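*Asks:* What follows is a predicted structure for the sequence shown.
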Amino acid sequence: MLTIKRLAGYVGVTVRAVRHYHQTGLLPEPERDASGYRRYPAQAVVDLIRIRTLTAAGVPLTRVHELIRATPEQFAAAVEEIGQGLTRQIEELEHRKAGVAALQAGDRMFLPAEITDYLDQLRLLGVSERGVRFERDGWIVLAAAYPDQALRWIAQKREQLADPGFRQFYVTYDQAHDWDPADPRLGDLADVMAARLRQEAAQTVHEVLSADEKSLLGAHVQDYSPAWIRLSELVRQRTTS
């Protein structure tokens, strides 16, 4: 026979917890002996361990009360059900954990690997993070609207990066963001851009986009650079004349 203190210590709970289980009716409270102490039998240890384990698993006290008084078969079936519920919770938590961990992947959470690899290539070329961000935002829109075509388009873009001339052009275009709109170098750059547009014989991204989508993709970069707006005007003059 155990005192309340020894019972609590053996099971790993506090004396206060044992008294709380008495008050809620989960654990029968024995009568005091001649010395004025409550003595707990072995069954109290079994019951208290069950109570502690079930409550730690998140089982409501009302359900614990039911299970403590269940038959062995009922108890076993209920424990199996609780275990399955915990398994589902663990799977859900693992899914959430994976989602949080994916945030560390940066752009790879929002874009296919082919596109993020392309963005990494731009960084290696010396393109500014601003320029990479503009590209990323545009590809997010394209990949969301045209997931299949986007992979084909990015393959074409990566082929273009293999051309030293294109790489130099791209870096210059990125730098032009900060030029003065009156900078004469914009005219030279517009000549290069116009020539490249004329040489493109295959279907390009812009040919399959609606007018609204073209506007959306262009505005998110041009609104931030007067030089780029001027460059677009110069290219348009050269390709429409």
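*Replies:* Looks like it came in fine. Keep in mind that this is a model prediction, so the values were computed, not measured.
*Asks:* make it CA atoms for all contacts and neighbour counts henceforth
*Replies:* Fine.
*Asks:* Helices along the chain, start to end?
*Replies:* 4-11, 15-24, 42-56, 61-68, 72-102, 113-125, 129-145, 147-161, 164-175, 185-199, 211-222, 226-240 (DSSP state H).
*Asks:* any weak-confidence spans in the chain?
*Replies:* Applying pLDDT under 70 to the chain flags residues 102-105, 200-224, 241.
*Asks:* residues near residue 3, how many?
*Replies:* 13 (other C-alpha atoms under 10 Å).
*Asks:* Quickly note the distance from it to residue 135.
*Replies:* According to C-alpha to C-alpha, to the nearest Å, residue 3 and residue 135 sit 72 Å apart.
*Asks:* Not counting residues beside it along the chain, what's closest to residue 181?
*Replies:* Closest residue in space to residue 181, ignoring its immediate chain neighbours: residue 227 at 4.3 Å, by C-alpha to C-alpha, 6 or more residues apart in numbering.
*Asks:* Who are the contact partners of the one you found?
*Replies:* By C-alpha atoms under 8 Å, 6 or more residues apart in numbering, residue 227 lies in contact with 176-182, 186.
*Asks:* Counting neighbours, which of the residues you listed comes out on top?
*Replies:* Compared across the contacts of residue 227, residue 186 has the highest neighbour count, 23 neighbours, by other C-alpha under 10 Å.
*Asks:* So that residue sits against residue 178, correct?
*Replies:* No: using C-alpha atoms under 8 Å, residue 186 is not in contact with residue 178, being 11.2 Å away.
*Asks:* circling back to that earlier point, out of the contacts of residue 227, which one sits closest to residue 193?
*Replies:* Comparing these against residue 193 with C-alpha to C-alpha places residue 186 closest, at 10.2 Å.
*Asks:* Nearest residue to the closest one in space, ignoring adjacent ones along the chain?
*Replies:* Per C-alpha to C-alpha, 6+ apart, closest to residue 186 is residue 231, 6.0 Å.
*Asks:* and the gap between the spatially most central residue of the chain and residue 108?
*Replies:* The chain has residue 99 as the residue nearest its centroid, 3.9 Å off, counting by C-alpha atoms, centre = their mean. Distance of residue 99 to residue 108, computed by C-alpha to C-alpha: 12 Å.
*Asks:* wait, which of the contacts of residue 227 is closest to residue 139?
*Replies:* Nearest to residue 139 out of the contacts of residue 227 is residue 177 (C-alpha to C-alpha; 19.2 Å).
*Asks:* list the contacts for the closest one?
*Replies:* Shown in contact with residue 177 (C-alpha under 8 Å, 6+ apart): 225-228.
*Asks:* Of those residues - the most surrounded one?
*Replies:* residue 228 (22 neighbours).
*Asks:* isn't that one right next to residue 176, touching?
*Replies:* Yes: Residue 228 is within contact range of residue 176, at 7.0 Å (criterion: C-alpha under 8 Å).
*Asks:* Compare the helices of the chain and give me the one nearest residue 32.
*Replies:* Nearest to residue 32 among the helices of the chain is helix 4-11 (11.0 Å), distances taken as C-alpha to C-alpha.
*Asks:* and that closest one, what does it pack onto?
*Replies:* Packing contacts for helix 4-11, counted by 3 or more C-alpha pairs under 8 Å, 6 or more residues apart in numbering; DSSP states H and E, involve helix 15-24, helix 42-56.
*Asks:* And the contacts of the shortest one?
*Replies:* Contacts to helix 15-24, defined as C-alpha under 8 Å, 6+ apart, come from residues 4-5, 8, 27-29.
*Asks:* Residue 14: what's it in contact with?
*Replies:* Applying C-alpha under 8 Å, 6+ apart, we find residue 14 in contact with residue 8.
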